[in-house]
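Peer 1: Mind folding the following:
(2 chains)
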Amino acid sequence: MMDILEILVSAGFWAATIRIVSPLILGTLGELICERAGVLNLGIEGIMTMGAMSGWMWVYMGGDLWTGVMFAAFLGLMFGLLHSIFTVYLGLSQHVTGIGITLFASSLSYYVYRMLLPDVTTPPKIEPFQVYEVPFLSEIPVMGEALFSQTPLTYLALILVPVVWYVLYKTPLGLAVRMAGENPMAVEAQGINVLTIRTGAVMIGSAFMAVGGAFITMSAFDAFFFGMINGRGWICIALVIFASWKPGKALIGALLFAGLDALQVRAQQTAGALIPYQFFLMMPYILSIVAMVIMARKASYPKALLVPFRRGERT
Amino acid sequence: MQIEPREHVAAWRIALAPVAAVFVSLLIGSVLILWVGAPVLEAYSLLVKGAVGSSFALTETLTRSIPLIFTGLAATIAFRAKFYNIGAEGQLYCGALAATFFGTGLITLPPLLMIPFLMLVGALAGGAALAVPVMLKTHLKVDEVVTTLLLNFVILLFVGYFLEGPLKDPMSMGWPQAAPIIDEGLFPSLVDKSRLHFGFVFALIGSVLCWAMMRFTVWGYEIRAVGLNTSAAKFAGINVNTTVVRTALISGGLAGLAGVSEVAGLKGYLTLDISPGFGYTGIAVAMLAQLNPLAVILSALFISMIYVGADSMSRAINIPTYIADVLVGLSVLSILVSVMLTRYRVRFR
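Peer 2: This is a model prediction of the structure:
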């Protein structure tokens, strides 16, 4: 018990939590935007893999870090466009399309990586984003040290939470996005094109996912491995449900999750002799399932989620 | 742009849909081959030659299709009821784990009983792995897609624990692998001097049984009804929850059989890499087969051709083997469009 308390007051634990949470925030926000517009995006796992590979590769090939992030985001937009052509314009199964995109995007990432680097055995490294210590704030003990000595992409992820909240709830555009997911007929009655709104939301959301992936290879680590995303995309989908499709709750859920994950890594060091390490590694996935079970009863799905919209057709 | 349903879906369109999808996938794949700087036609002809060009290649392709038929059937049955079981990968490992648990000396029966027994426990384990997600869906309305996906990771770690702990073979020189399946439990070989085993026959029988079930039995009718229109099925007096649970157990059982056949048919012992994603590829198999259990055989053979052929192609000319996965991913997307075009016509205005 003392051990856990000691961990909870250490700046290192909180810094790790914030580091783990960053890609999850980006992925969860991205999925949330898609689903709020009525489109489930199961392409998330593949799009994150693509973002991780492409951003890293851009820098490895001599590009600059920020343009690398932009390149990853651009590819995210393109896969989002592909997803929308299938699910929004053609009205095809969102489940199968998403799985297809995940299979395609992740295998394409591996293919391109192997094609450009055919002979490497140990993954080569890049110079990743460096920690930027916010003046004064980073000197506050524990929380300040943890929150304000992070890499720029973490700050970006944290800032995007209120931004997404503001756009979704306080702007006409956000209203249109939410309505497209609840009652597309009403959006159409306002003279706004549902298909355009949904496409835009899926593209932006996918760009968020890709940047989340890029965080992993450009900020958390400095190399690209096969199977690196390791289910993080699916965890983000569980977090969206846990958060009842609300950005603020998504942040809280992701923080809770990341905190438990960081705790798990530390507990592994002390209790590792008693409990096999596999059971610690299972925790994130089991926690995600438990989180979904807890919230499932209360979950208020966007009414038009998974329902394709065809103009002039009654639903 | 307007999408209108066709009044009449011609049979030739349905038959042509997968052919068109495969053609489009190969066409897009050829861009990737050109990017490496390799000649496209030569690459594809090497792929075909590597998959069916010799009797050895042919048996390898047939062998590789066995788990794909099982996982393809698992996806087919589940997707027919619109139950999105994306956890065939985990259920496969559960089946393999059960076969290992009972088949490495715990129980000894004559082969005629031992093999069916291992298949039974494997199928039960695969079904059990899907019991939690399906119960969560029917009772608590928890989305099955995410739970089945997440359980894949849990199950793989669980199997990893067994292979490094209780089930580790002391003779394995430190490798995380289980003891070999006893001789009575091993599937007999089908063709001499090849890896092709009796699992192929089981897979064919499985396809026919699944087809017969979907076509001629009440269970099959209920599965189709629930998938087509849940509320109409409920109105007609079908117990939707029971049907979904039953469908899930069958689907998980089929995926479990894929694991049994890999362990008791092909490898002889369980390791953590018996499946390079057969569970996920099964979804592509099912989609290409348009969720028809008999067509699953053909589409599994085709996809296994791509995998086996891509291996030898990439050895001959330097194209990464991941080209096979790319083609499979592309075929999932293109079959969706081509099947849609059989049922709808697109008008541009």
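
Peer 1: from here on, contacts and neighbour counts on C-alpha atoms
Peer 2: OK.

Peer 1: How about the residues of chain B by chain A?
Peer 2: Residues of chain B lying close to chain A (CA under 8 Å from any CA of the partner chain) are B:3, B:36, B:84, B:136, B:140-142, B:146-147, B:149-151, B:153-154, B:157-158, B:160-161, B:284, B:319-323, B:325-330, B:332-333, B:336-337, B:340.

Peer 1: Out of the residues you listed, name the ones that lie in helices.
Peer 2: Residues of the residues of chain B next to chain A located in helices (DSSP state H): B:36, B:136, B:140, B:146-147, B:149-151, B:153-154, B:157-158, B:160-161, B:284, B:323, B:325-330, B:332-333, B:336-337, B:340.

Peer 1: Next, see if stretch A:50-66 gets close to chain B.
Peer 2: No: with CA under 8 Å from any CA as the measure, stretch A:50-66 is seen stopping short of chain B, the closest distance being 12.9 Å.

Peer 1: could I get that stretch in PDB with only the CA atoms?
Peer 2: Only the C-alpha atoms of stretch A:50-66 are listed here, as PDB (Å, rounded to 0.1, in the frame of the first residue of the first chain):
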ATOM      1  CA  MET A  50       0.300   4.800 -41.100                       C
ATOM      2  CA  GLY A  51       0.800   8.000 -39.100                       C
ATOM      3  CA  ALA A  52       3.500   6.400 -37.000                       C
ATOM      4  CA  MET A  53       5.300   5.000 -40.100                       C
ATOM      5  CA  SER A  54       5.000   8.000 -42.400                       C
ATOM      6  CA  GLY A  55       5.800  10.700 -39.800                       C
ATOM      7  CA  TRP A  56       8.900   8.800 -38.700                       C
ATOM      8  CA  MET A  57       9.900   8.000 -42.300                       C
ATOM      9  CA  TRP A  58       9.600  11.700 -43.300                       C
ATOM     10  CA  VAL A  59      12.100  12.700 -40.600                       C
ATOM     11  CA  TYR A  60      14.400   9.700 -41.300                       C
ATOM     12  CA  MET A  61      14.500  10.800 -45.000                       C
ATOM     13  CA  GLY A  62      15.800  14.200 -43.900                       C
ATOM     14  CA  GLY A  63      12.600  16.100 -43.300                       C
ATOM     15  CA  ASP A  64      11.800  18.300 -40.500                       C
ATOM     16  CA  LEU A  65       9.800  17.100 -37.400                       C
ATOM     17  CA  TRP A  66       6.800  19.500 -37.800                       C
END
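
Peer 1: And the closest residue to chain B within chain A, its phi and psi?
Peer 2: Residue of chain A nearest chain B, by CA to the nearest CA: A:Phe104 (4.2 Å). The phi/psi pair for A:Phe104 (degrees, to the nearest 10) reads phi -70, psi -50.

Peer 1: Wait, it touches B:Ser334, no?
Peer 2: No: with contacts counted by CA atoms under 8 Å, A:Phe104 stays clear of B:Ser334, the gap being 11.2 Å.

Peer 1: nearest residue to A:Lys125 other than its sequence neighbours?
Peer 2: For A:Lys125, ignoring the flanking residues on the chain, the nearest one in space by CA to CA, 6 or more residues apart in numbering or on different chains is A:Ala223 at 4.9 Å.

Peer 1: now swap in A:Tyr277 and tell me
Peer 2: A:Gln268 is the one closest to A:Tyr277 (CA to CA, 6+ apart), at 6.7 Å.

Peer 1: One more: A:Gly55?
Peer 2: A:Gly68 (4.6 Å).

Peer 1: Report the buried residues of the helix or strand containing that neighbour.
Peer 2: Using DSSP states H and E, A:Gly68 falls within helix A:65-84. Neighbour counts over helix A:65-84 (16 or more other CA atoms under 10 Å in any protein chain shown) mark A:65-66, A:68-84 as buried.

Peer 1: repeat for stretch A:222-232
Peer 2: Quick answer for stretch A:222-232 (16+ other CA under 10 Å): A:222-225, A:228-229, A:231-232.

Peer 1: So what's the residue count around whichever residue of chain B sits closest to chain A?
Peer 2: Scanning chain B for the residue nearest chain A gives B:Gly329, at 4.2 Å (criterion: CA to the nearest CA). By other CA atoms under 10 Å in any protein chain shown, the residues close to B:Gly329 number 27.

Peer 1: Which residue comes closest to it once chain neighbours are left out?
Peer 2: With CA to CA, 6+ apart as the criterion, B:Gly329 has its nearest non-adjacent residue at 4.2 Å, and that residue is A:Phe104.

Peer 1: can you give me the helices in chain A?
Peer 2: All helices of chain A, identified by DSSP H, fall at A:2-8, A:11-36, A:44-60, A:65-84, A:94-116, A:143-148, A:152-170, A:172-182, A:184-189, A:194-215, A:232-242, A:247-271, A:277-296.

Peer 1: Check residue 287 and give its pLDDT.
Peer 2: Assuming you mean chain A. A:Leu287 carries a pLDDT score of 88 in this model.

Peer 1: Can you look at chain B instead?
Peer 2: pLDDT, B:Met287: 94.

Peer 1: Which of the helices or strands spans it?
Peer 2: helix B:278-288.

Peer 1: Can you tell me which residues in chain A are near chain B?
Peer 2: A:86, A:90, A:92, A:95-97, A:100-105, A:107-108, A:110-111, A:114-115, A:118, A:231, A:234-235, A:237-238, A:276, A:278-279, A:281-282, A:285-286, A:288-289, A:292-293, A:296-297.

Peer 1: are any of the residues you listed buried, and which?
Peer 2: With neighbours counted by 16+ other CA under 10 Å, the residues of chain A next to chain B contain buried members at A:86, A:90, A:92, A:95-97, A:100-105, A:107-108, A:110-111, A:114-115, A:231, A:234-235, A:237-238, A:278-279, A:281-282, A:285-286, A:288-289, A:292-293, A:296.

Peer 1: For residue 12, the count of nearby residues, please.
Peer 2: Going with chain A. As a burial measure, A:Gly12 scores 16 neighbours (other CA under 10 Å).

Peer 1: that's the wrong chain, I meant chain B
Peer 2: With other CA under 10 Å as criterion, B:Trp12 counts 9.

Peer 1: quick one: whichever strand or helix holds it to chain centroid distance?
Peer 2: Using DSSP H and E, B:Trp12 sits within helix B:11-36. Distance of helix B:11-36 from the chain centroid (CA atoms, centre = their mean, to the nearest Å) equals 21 Å.

Peer 1: Check which residues of it are buried.
Peer 2: Within helix B:11-36, the residues scored as buried using 16+ other CA under 10 Å are B:14, B:17-18, B:20-22, B:24-26, B:29-30, B:32-33, B:36.

Peer 1: Just flag the most distant two among those.
Peer 2: Pairwise distances across those (CA to CA) peak at 34.7 Å, for the pair B:Ile14 and B:Val36.
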